[in-house]
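Novice: mind folding the following:
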Amino acid sequence: MSKKIHQLSKSGLCVLVFGILISCNQSKEGNTIDSIIPQPQEAKSTGKVFVLKETTGIFIESGSNEELQIANYLANKLRPATGFKILINSSTKPEGGDIVIAKTKDASGSEEGYDLAVSEDVVRLSSATSAGLFRGVQTLRQLLPAAIESPSLQNDVDWTLPTGTIKDFPNYKWRGMMLDVSRHFFSVEEVKRLLDEMAYYKLNVFHWHLSDDQGWRIEIKSWPKLTTFGGSTQVGGGKGGFYTQEQYKEIVKYAQERYITVVPEIDMPGHTNAALASYPELNCSEQIIKLNPGNEVKRKVPGLYTGIEVGFSTLCATKESTYQFVEDVVRELAEITPGPFIHIGGDESHATKKEDYIPFVKMVQAIVAKHGKKVVGWDEIATSTLSPDAMVQVWAAPKNGKLAIAQGGKLIMTPARKAYLDMSYDSTSKLGLHWAAYIEVDSAYSWDPTTYAQGITRENIYGVEAALWTETIQTRADIDYMVFPRLPGYAEIGWSATADGKPGSRNWNEYKIRLANHGPRFKAMGINFYQSKLVPWKD
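Specialist: Numbering: from 1, shown residues only. Here you go, the predicted model:
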């Protein structure tokens, strides 16, 4: 990161924070170059403003379909609140007051890097890739007043962007969020809304937990009862639900348009009660069910489960029918998943004998590879033999992460006591659990994946992810409350380099001011966020 010097702007003294020059310049609505989340790698303010006007258009230099798609995305974000037409063209030269989107050679060498230059006359966004352009659009949105995120016309707002230059690129390739739709089911529109919120903070992986004890949520045509029966309930006994393969493809396409990779998870061999209840042949032996005192019956199929306990279910790892089941599920899922990964779960399989678990994981990895995908799994899978390109998600046991490293594997850091979004903020929280920790906003932000556990270094880590399990989460408002305002902090951990590349130099006291400036944005977006007392929220 280049070394910056202190300078004066028209509105006061600017300071050097973590290698980034930030301006004190502030417009009527409080949009500043130093309020961006995730924090850019390099930013410099020039202390003036660009004015978005009725005549502002978006100019795309090459006129490619992807650039046109990104331009339309930006225009659709700008039109409702401003009431401006925001026309798009590639046939004439840009004029003063226009926004230019251009593919150029990116000096950062990053697939998602971008350059943004704002002068009084023009806004120029450039990148070597479409993904980089899309990430830059999110920064551009954040430079405008918070009211730009309103879905309705906003009057008496100065639609200005602070002038300056930004050179930006991500620290980690995998910056993800997981949503559990098994314990409580969420609709297509609710999932899309979450994808929009992820995109705003430059996250690029949607880890979709599609099966568990409480419900099977993705249509598998060769095993139809997985959804018609196994997907018919949820925690607390609600009606549950599932996604058809067409709905799944719709969500995947929506994610692709936001440069987000969908990683579906089918948890196995544990967390499988919904599958076991749907198909008797997946169980190892008959269960003795006590209907009344002294009245016992034998039944192969366990009933549907609506509680929140874990570790009691397992596929039968010694049956051929189990591997045919896995083969069919992976094949159908791979056919509708354009991304390179399938998550096989592997966690908390306490009911599976170790001598069965290890070969099971090895065989499932081979099935996934057969269908052209790479394996991701929770950290327990590292106790087996890993395929060469497997990735291990560290949630509970860093020692398993080290087993993965010893086999040449890469890690995704999702430590439960720091990155589980289902953990309550404090003892007064109405939602969430606290078996791992209470995770207030400062705790969610103030940790570093490279120093979290001894023996796990930056070169071992492929990315970071926050996970939302949904035992207590039932509505869109519930998702909002647990995700925000913690998600922007996780996004910054994944995107922003620490000062001079050194770990542990992110500063909560600096970050909380930037986060406070996003309060009005959350409100404009209709996000039901937790208003932590640790953050000096802006009105």
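
Novice: residue ranges in the stretch 401-539 of the chain under the pLDDT threshold?
Specialist: When the per-residue scores of the stretch 401-539 of the chain are filtered using pLDDT under 70, the ranges that remain are 498-505.

Novice: ranges for the helices of it?
Specialist: Assigned by DSSP state H, counting those that start in this stretch, the stretch 401-539 of the chain shows helices spanning 416-419, 441-445, 476-483, 486-495, 508-516, 519-525.

Novice: just the angle for whichever strand or helix holds residue 198 relative to helix 486-495, thanks.
Specialist: For residue 198, the host element (DSSP states H and E) is helix 188-200. If you take axes from the mean of the first three to the mean of the last three C-alpha atoms, to 10 degrees, helix 188-200 sits at 50 degrees to helix 486-495.

Novice: ok so, going back, which of the helices of the stretch 401-539 of the chain sits most buried?
Specialist: Looking across the helices of the stretch 401-539 of the chain with neighbours counted as mean count of other C-beta atoms under 10 Å, the highest average goes to helix 486-495: a mean of 25. The C-beta positions use only the backbone N, C-alpha and C, and glycine is treated the same way.

Novice: for that one, packing partners?
Specialist: Under the contact definition 3 or more C-beta pairs under 8 Å, 6 or more residues apart in numbering; DSSP states H and E, helix 486-495 sits against strand 174-180, helix 441-445, strand 461-468, helix 508-516.

Novice: any idea which of the ones you listed gets closest to residue 408?
Specialist: Nearest to residue 408 among the helices and strands packed on helix 486-495 is strand 461-468 (12.3 Å), distances taken as C-beta to C-beta.

Novice: export the helices of the stretch 401-539 of the chain as JSON lines, with columns for distance to residue 433.
Specialist: Shown next, in JSON lines, are the helices of the stretch 401-539 of the chain (distance: least, C-beta to C-beta, whole Å):
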{"stretch": "helix 416-419", "distance to residue 433": "10"}
{"stretch": "helix 441-445", "distance to residue 433": "15"}
{"stretch": "helix 476-483", "distance to residue 433": "11"}
{"stretch": "helix 486-495", "distance to residue 433": "15"}
{"stretch": "helix 508-516", "distance to residue 433": "24"}
{"stretch": "helix 519-525", "distance to residue 433": "24"}
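
Novice: returning to what we had before: quick one: closest of the helices and strands packed on helix 486-495 to residue 420.
Specialist: Set against residue 420 and scored by C-beta to C-beta, those come closest in strand 461-468, at 5.5 Å.

Novice: what angle separates the closest one from helix 476-483?
Specialist: Counting by the same axes, to 10 degrees, strand 461-468 points 140 degrees away from the direction of helix 476-483.

Novice: can you start the count at 93 instead of 1 from here on
Specialist: That works, and once the first residue is 93, the last one we named lands at strand 553-560.

Novice: now do strand 553-560 and strand 266-272, the angle between them.
Specialist: Going by the same axes, to 10 degrees, strand 553-560 is angled at 30 degrees with respect to strand 266-272.

Novice: out of the helices and strands packed on helix 578-587, which gets nearest to residue 242?
Specialist: Sorting the helices and strands packed on helix 578-587 by C-beta to C-beta, the top spot, which is the nearest, belongs to helix 600-608 at 19.1 Å.

Novice: just the C-alpha atoms of the closest one, please, in PDB.
Specialist: In PDB, the C-alpha atoms belonging to helix 600-608 read as follows (Å, rounded to 0.1, in the frame of the first residue of the first chain):
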ATOM      1  CA  TRP A 600     -12.800  -0.900  16.200                       C
ATOM      2  CA  ASN A 601     -12.900   2.700  17.300                       C
ATOM      3  CA  GLU A 602     -12.300   3.800  13.700                       C
ATOM      4  CA  TYR A 603     -14.600   1.200  12.100                       C
ATOM      5  CA  LYS A 604     -17.600   2.000  14.400                       C
ATOM      6  CA  ILE A 605     -17.800   5.500  13.000                       C
ATOM      7  CA  ARG A 606     -18.000   4.200   9.500                       C
ATOM      8  CA  LEU A 607     -20.600   1.700  10.600                       C
ATOM      9  CA  ALA A 608     -22.600   4.400  12.300                       C
END
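
Novice: now that helix and helix 578-587, what's the angle there?
Specialist: 120 degrees.
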